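**Q** Build me a model:
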Amino acid sequence: MAGLFVLQRLGESSALSIRALAERTFTDASSVSVIVSRLVRAGLVARERDPLDARRARLVLTRRGRSLLARAPRAGQEALIGALDQMPAATRRRLGRVLGELIGHMGVSARPSRLLFDKE
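**A** You can find the predicted model right below:
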């Protein structure tokens, strides 16, 4: 679930902006924003004013979000990222080329990616 991955990345810090959370989830801010809105509605994440810049919002886990995170399994994205981090750079580049070729054969158009495994 993409929401779990976002919660786990948000839980690594006391508070993050949408942009910082997008960087940590390796996706674009618009995709993360959609997931965050769902998490806010579910009471797992709260938006707060940044105390250093009142024009900006920051995201924090709620008590309910922290409780859920404490019981949650590791997100699949974390396992994938961990495995990729262990591969030598040359292997990752080769994998990138092969996956690019696969995408070309699939006829998938170039468009912004959603969060990995996002079914939401």
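**Q** Okay, now the unreliable bits of this structure?
**A** Along the chain, segments meeting pLDDT under 70 span 1, 109-120.
**Q** swap the cut-off to 50 and go again
**A** Along the chain, the parts satisfying pLDDT under 50 run over 116-117, 120.
**Q** all helices for the chain, in order.
**A** Here the chain has its helices, by DSSP state H, at 2-11, 18-24, 29-41, 63-71, 76-86, 89-106.
**Q** any idea which of the ones you listed is most buried?
**A** Stretch with highest mean neighbour count among these: helix 2-11 (a mean of 22; mean count of other CB atoms under 10 Å). Where you see a C-beta, it was placed from the backbone N, CA and C, and this is true even at glycine.
**Q** quick one, what contacts the nearest residue to Gly11 once chain neighbours are set aside?
**A** Leaving out its chain neighbours, the residue that sits closest to Gly11 by CB to CB, 6 or more residues apart in numbering is Leu69, at 5.0 Å. By CB atoms under 8 Å, 6 or more residues apart in numbering, the contact set of Leu69 is Leu7, Gln8, Gly11, Leu61.
**Q** Then Asp53?
**A** No contacts exist for Asp53 under CB under 8 Å, 6+ apart.
**Q** and the most centrally placed residue in the chain, what does it touch?
**A** Nearest to the mean C-alpha position of the chain, by CA atoms, centre = their mean, lies Thr25 at 3.0 Å. Shown in contact with Thr25 (CB under 8 Å, 6+ apart): Phe5, Val6, Arg9, Val32, Gln77, Leu115.
**Q** If we only consider these, which is nearest to Gly96?
**A** Among those, Gln77 lies closest to Gly96 (CB to CB), at 17.0 Å.
**Q** Next, work out how far apart the closest one and His105 are.
**A** 24 Å (CB to CB, to the nearest Å).
**Q** which one's the longest strand in the protein?
**A** Looking across the chain with DSSP state E, the single longest strand is strand 53-61.
**Q** how about that one: buried residues?
**A** Buried positions in strand 53-61, judged by neighbour count with 16 or more other CB atoms under 10 Å: Arg58, Leu59, Val60, Leu61.
**Q** hmm, which two among those residues are most spread apart?
**A** Farthest-apart pair in the buried residues of strand 53-61 is Arg58 and Leu61; separation 11.4 Å (CB to CB).
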